[in-house]
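Chemist: The following comprises the amino acid sequence and a computationally predicted model.
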Amino acid sequence: MEKLYSKKLAKQNAASPTQQYLDVAEVKEDAIVLKNGSLRAVLEVSAINFDLKATEEQEAIISQYQNFLNSVDFPLQILISSRKLNINTYLDFLTDKEKQQKTELMRLQISEYKNFISQLVSLSDIMDKSFYLIVPFSPIENQEKTFFSNISSLINPQKNILEKRENFETCKSQLYQRIDHIIAGLSGIGVKIIPLKTPELIELLFNSYNPTVFNTAGYIDTEKIELK
């Protein structure tokens, strides 16, 4: 009996969708919505070569960064994504160019260049690093609903939907105020900050939870993904 129960439980776990183990509920209007109702925005931040800066510039960057940290009154998460460089798209581009050449010499040169790039990346294990800032916002709500409020939600579901929509818009507005504060605070350092849109957030989540299939997955056709 114990073996039958364990096999049945293992079968149920295998059939369970992976999404139930994730904290992400959906990606909506350029924001990640967690299951607890809080929002997350992701900002892609460019890198600067600090060592190549002059001493005065380095001191100015450090001072500006200190001022930024002192002005932030909400939590921030820094994410560094390090992945093996994927050049499959570039190699396919070179293959098409090789076929378009009219002379054998040009085809040979492109072929040798393509082999050189492919071997260089595979042997050197070149990594592609991306830097992100994750900005959170958690709505302060009373999670304990009364009996009458639950009855009201059942009687008038449209009102409940409108309230959820208004709460989302309010939280999103507060989240974007934090984003504007971050962009204004880091603009003096010289880095570029780009908020990720919905397709980019989906691709980032997909690559984060599927690291082994990153090199073979390619690009995600976001037009075929249904968002709530």
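Modeler: On my side now, so go ahead.
Chemist: other SSEs contacting the biggest strand by length in the chain?
Modeler: Assignment by DSSP state E gives strand 127-137 as the longest strand of the chain. Counting contacts by 3 or more C-beta pairs under 8 Å, 6 or more residues apart in numbering; DSSP states H and E, strand 127-137 is packed against strand 39-45, strand 77-84, helix 157-186. Using the backbone N, CA and C atoms, a C-beta is placed for each residue, glycine as well.
Chemist: Tell me which of those sits most buried.
Modeler: strand 39-45 (a mean of 19; mean count of other C-beta atoms under 10 Å).
Chemist: Using PDB, write down the CA coordinates of it.
Modeler: The C-alpha coordinates for strand 39-45 follow below in PDB (Å, rounded to 0.1, in the frame of the first residue of the first chain):
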ATOM      1  CA  LEU A  39       4.700  44.100  -8.600                       C
ATOM      2  CA  ARG A  40       8.200  44.000  -9.900                       C
ATOM      3  CA  ALA A  41       9.800  46.100 -12.600                       C
ATOM      4  CA  VAL A  42      13.100  45.200 -14.200                       C
ATOM      5  CA  LEU A  43      15.600  47.800 -15.400                       C
ATOM      6  CA  GLU A  44      18.400  46.800 -17.700                       C
ATOM      7  CA  VAL A  45      21.600  48.800 -16.800                       C
END
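Chemist: Could you check how far Leu133 is from Pro75?
Modeler: For Leu133, the distance to Pro75 equals 11 Å [C-beta to C-beta, to the nearest Å].
Chemist: Neighbour count for those two, which is higher?
Modeler: Leu133 (19 against 9; other C-beta atoms under 10 Å).
Chemist: Who is the closest residue to the more buried one other than its chain neighbours paired with across the strands?
Modeler: Counting by C-beta to C-beta, 6 or more residues apart in numbering, Leu43 is the residue found nearest to Leu133 once chain neighbours are left out, at 4.3 Å. Note on Leu43: beta-bridge partners by DSSP bridges are Leu133, Pro195.
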